[in-house]
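Peer 1: Structure for the following, please:
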Amino acid sequence: MKLYLAAAVLMLVLAVHTEAQDEPTLEQQFAKFQTQVKEIAEDLTEKTKTTFEQLEKSEFAVKTKNWFTEQFEKVKQSFN
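Peer 2: Next comes the predicted model:
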């Protein structure tokens, strides 16, 4: 009976020890978190850059820029 109990306890200890080894260390968790944050930041940067490029080339932006340029030239000519 004591042998069965000792074997069961030994199996339990081995199972807990094996599960404990599978868990990442705090350093590994921080490294993984840092990698995830870096990926998110790079993705956000790329999306923001693309959006601003699209806005800059949009018809509304071009027309608005041309209108302001024309108005500035008119004001400039009126002062001369």
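
Peer 1: what separates the helix or strand containing Val62 from the chain centre, distance-wise?
Peer 2: Element membership for Val62, per DSSP states H and E: helix 59-79. Centre-to-centre, helix 59-79 and its host chain are 39 Å apart (Cα atoms, centre = their mean, to the nearest Å).

Peer 1: Show me which residues of that helix are buried.
Peer 2: Buried positions in helix 59-79, judged by neighbour count with 16 or more other Cβ atoms under 10 Å: none. Where you see a C-beta, it was placed from the backbone N, CA and C, and this is true even at glycine.

Peer 1: Which residues does that helix contact?
Peer 2: Helix 59-79 has contacts (Cβ atoms under 8 Å, 6 or more residues apart in numbering) with Leu55.

Peer 1: Could I get the average pLDDT for it?
Peer 2: Helix 59-79 carries an average pLDDT of 92.

Peer 1: mind saving the C-alpha coords of that helix as PDB?
Peer 2: C-alpha atoms of helix 59-79 as PDB (Å, rounded to 0.1, in the frame of the first residue of the first chain):
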ATOM      1  CA  GLU A  59      -9.300  65.100 -55.400                       C
ATOM      2  CA  PHE A  60     -10.700  67.200 -52.500                       C
ATOM      3  CA  ALA A  61      -7.200  67.900 -51.100                       C
ATOM      4  CA  VAL A  62      -5.800  68.800 -54.600                       C
ATOM      5  CA  LYS A  63      -8.800  71.200 -55.300                       C
ATOM      6  CA  THR A  64      -8.500  72.800 -51.800                       C
ATOM      7  CA  LYS A  65      -4.800  73.300 -52.200                       C
ATOM      8  CA  ASN A  66      -5.300  74.900 -55.700                       C
ATOM      9  CA  TRP A  67      -8.100  77.100 -54.300                       C
ATOM     10  CA  PHE A  68      -5.900  78.400 -51.500                       C
ATOM     11  CA  THR A  69      -3.000  79.000 -54.000                       C
ATOM     12  CA  GLU A  70      -5.300  81.000 -56.200                       C
ATOM     13  CA  GLN A  71      -6.700  83.000 -53.300                       C
ATOM     14  CA  PHE A  72      -3.200  83.800 -52.100                       C
ATOM     15  CA  GLU A  73      -2.100  84.900 -55.500                       C
ATOM     16  CA  LYS A  74      -5.200  87.200 -55.700                       C
ATOM     17  CA  VAL A  75      -4.400  88.800 -52.300                       C
ATOM     18  CA  LYS A  76      -0.800  89.100 -53.300                       C
ATOM     19  CA  GLN A  77      -1.700  90.900 -56.600                       C
ATOM     20  CA  SER A  78      -4.100  93.200 -54.800                       C
ATOM     21  CA  PHE A  79      -1.300  94.400 -52.500                       C
END
